[in-house]
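*Asks:* Can you look at this prediction? I've put the sequence above it.
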There are 2 protein chains.
Amino acid sequence: MNHERKVIDFYFDFSSPYSYIASEWVEALAARHGRTVNWNAILLGATFAAAELRPPVAHPIKRDYSLLDFERSARYAGVPMVMPARFPIPTQNAARVFWWLHDRGDAQVSASAWARHGLRAYFARGVDLSNAHCLRELAIEFGLDATEVEDVWNDPDWKARLKEVNEAAIAAGVFGAPFFVIDGEPFWGHDRRLQIERWLEHGPF
Amino acid sequence: MNHERKVIDFYFDFSSPYSYIASEWVEALAARHGRTVNWNAILLGATFAAAELRPPVAHPIKRDYSLLDFERSARYAGVPMVMPARFPIPTQNAARVFWWLHDRGDAQVSASAWARHGLRAYFARGVDLSNAHCLRELAIEFGLDATEVEDVWNDPDWKARLKEVNEAAIAAGVFGAPFFVIDGEPFWGHDRRLQIERWLEHGPF
């Protein structure tokens, strides 16, 4: 079995409720099947633009359903969620910090732990990740230096890094989140969990 | 328990792959929980317009994923599907025949049986329901009089009936298909089956 087969590519946006739900089960699911998760923070704004999509809450009629379904789906999955007062929010700063941690490769302070911490902060505690003050506080709570982190999200290099990641995601067929690529097979949505489990258990179907 | 609680409102479009998948399990699911299914043929063109949505295959990037996911989801559900060469198609004629059968109330030739027959014909055998000749042949196969059926789909009264149904669906919050309303609770998508089962088994969650 080569290295490629062992990975689950997992794409998420810090402002995506279904990404949050999936982020709570993806590691355990992967572990049960001897896989590791390759976390990718992306911006849905970029993938939506490429696919000519808008957020579900930007559509009349679908908006009300989505707000109901986010929380009901979280309850069904046993994941605590309180839809934040401000939603959706721009998440580029949290995502740039993710990629900085990712590229730094510090096993003690991992990018995926930052991802889970950020998603939980926003969707379970209402911490506004788009607010610089809140994001600095969150970084401190996570054990990072607030000034260093703010320098990261303002740094043109980390802005370019995130832009590059979004372009690669779009090139890989990602148009929404959560999005999974397993052995080259794409799966979109937390509600594809059962199909993902079948793929991991028995291979292509 | 009053009559209202016993019904599952089920909205579908004859050209919706996920509606086809759901149409294959909704009756058995309802029966297991002592419910009956209230079938509603609608036009996604109308609900999409109201919700400012486009079909998934009309979006770049999402198109390729959707074509893959339709068939994979059918395989996962154990439902035979071969994506038709022409897709999506206008389905107003098949839907008008549905409502004519529905309102006629003939238990022997039920509207829901026509729905299942039409969905299977299109998605398993590639019968183009938007082609008048094919639809006449399908009606004959189903035991109907082809001329009578063609008169129905050209009749302004049945056109008005379908328009009225679409407007009522939109007013009820329907923006896509399949769409279910159970005890006033909306569920969108064949992939909400597990949440629907939980609702039917244990009530609100």
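*Replies:* The structure has been received and is ready for your questions.

*Asks:* what's the neighbour count on A:C134?
*Replies:* 15 (other CB atoms under 10 Å in any protein chain shown). C-beta here means a position set from N, CA and C on the backbone, and glycine is covered the same way.

*Asks:* Pull the contacting residues for it.
*Replies:* A:127-128 (CB atoms under 8 Å, 6 or more residues apart in numbering or on different chains).

*Asks:* Show me which positions of stretch A:152-159 end up buried.
*Replies:* A:152-153, A:158 (16 or more other CB atoms under 10 Å in any protein chain shown).

*Asks:* As a markdown table, those with distance to A:R192, pLDDT and secondary structure would be great.
*Replies:* Putting the buried residues of stretch A:152-159 into a markdown table (distance: CB to CB, whole Å; pLDDT from 0 to 100; DSSP: H, G, I helix; E, B strand; the rest coil) gives the following:
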| residue | distance to A:R192 | pLDDT | secondary structure |
| --- | --- | --- | --- |
| A:V152 | 33 | 98 | helix |
| A:W153 | 31 | 98 | helix |
| A:W158 | 31 | 98 | helix |
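
*Asks:* Among these, which one sits closest to B:V165?
*Replies:* A:W153 (51.0 Å; CB to CB).

*Asks:* Distance of that closest one relative to chain B?
*Replies:* 27 Å (CB to the nearest CB, to the nearest Å).

*Asks:* and the gap between that residue and A:E137?
*Replies:* 14 Å (CB to CB, to the nearest Å).

*Asks:* I'd like the buried residues of stretch A:152-159 as a markdown table, with distance to A:F187 appended.
*Replies:* Formatted as a markdown table, the buried residues of stretch A:152-159 follow (distance: CB to CB, whole Å):
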| residue | distance to A:F187 |
| --- | --- |
| A:V152 | 31 |
| A:W153 | 30 |
| A:W158 | 29 |
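
*Asks:* near chain B, which residues of chain A?
*Replies:* Neighbours of chain B within chain A, by CB under 8 Å from any CB of the partner chain: A:47, A:50-54, A:59-62, A:64-65, A:68-69, A:72-73, A:75-76, A:170, A:173-176, A:186, A:188-189, A:191-192, A:194-195, A:198, A:205.

*Asks:* Return the subset of these lying in strands.
*Replies:* Counting by DSSP state E, the residues of chain A next to chain B place A:186, A:188 in strands.

*Asks:* ok, of the residues of chain A next to chain B, which come out buried?
*Replies:* Using 16+ other CB under 10 Å, the buried ones in the residues of chain A next to chain B are A:47, A:50-51, A:53, A:59, A:61-62, A:65, A:68-69, A:72-73, A:76, A:170, A:173-176, A:186, A:188-189, A:191-192, A:195.

*Asks:* Quick one: end-to-end distance for stretch A:134-148.
*Replies:* Here the two ends of stretch A:134-148 are set 15 Å apart, with distance taken as CA to CA, to the nearest Å.

*Asks:* From the chain's centroid, how far away is that stretch?
*Replies:* Chain-centre distance of stretch A:134-148: 19 Å, with CA atoms, centre = their mean, to the nearest Å.

*Asks:* Residues contacting stretch A:105-124, please?
*Replies:* A:12, A:14-15, A:17, A:19-20, A:23-24, A:27, A:37, A:39, A:41, A:74, A:80-84, A:89, A:94, A:97-99, A:101-102, A:127-129, A:138, A:141-144.

*Asks:* Quick check, A:M83 in contact with A:E71.
*Replies:* Yes. In this structure, A:M83 is within contact of A:E71 by CB atoms under 8 Å, at 6.0 Å.

*Asks:* so what's the residue lying closest to A:I170 once chain neighbours are set aside scoring on pLDDT?
*Replies:* Excluding the flanking residues, the one nearest A:I170 by CB to CB, 6 or more residues apart in numbering or on different chains is A:A50, at 4.6 Å. In this prediction, A:A50 carries a pLDDT score of 98.

*Asks:* Helices of chain A, residue ranges please.
*Replies:* A:17-23, A:26-32, A:44-51, A:62-77, A:92-104, A:111-125, A:132-141, A:146-154, A:156-171, A:193-202 (DSSP state H).

*Asks:* Verify the stated contact: A:F70 with A:Y18.
*Replies:* Yes. Assessed by CB under 8 Å, A:F70 is found in contact with A:Y18 at 7.4 Å.

*Asks:* For B:E164, which of the helices of chain A is the nearest?
*Replies:* Nearest of the helices of chain A (CB to CB): helix A:62-77, 22.1 Å.

*Asks:* what residues are up against the residue nearest to A:I170?
*Replies:* Counted by CB under 8 Å, 6+ apart, A:A50 has contacts A:170, A:175, B:60-61.

*Asks:* Using TSV, please lay out those residues together with pLDDT and distance to B:E148.
*Replies:* Output for the contacts of A:A50, formatted as TSV (pLDDT from 0 to 100; distance: CB to CB, whole Å):
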residue	pLDDT	distance to B:E148
A:I170	98	52
A:F175	98	45
B:P60	98	43
B:I61	98	45
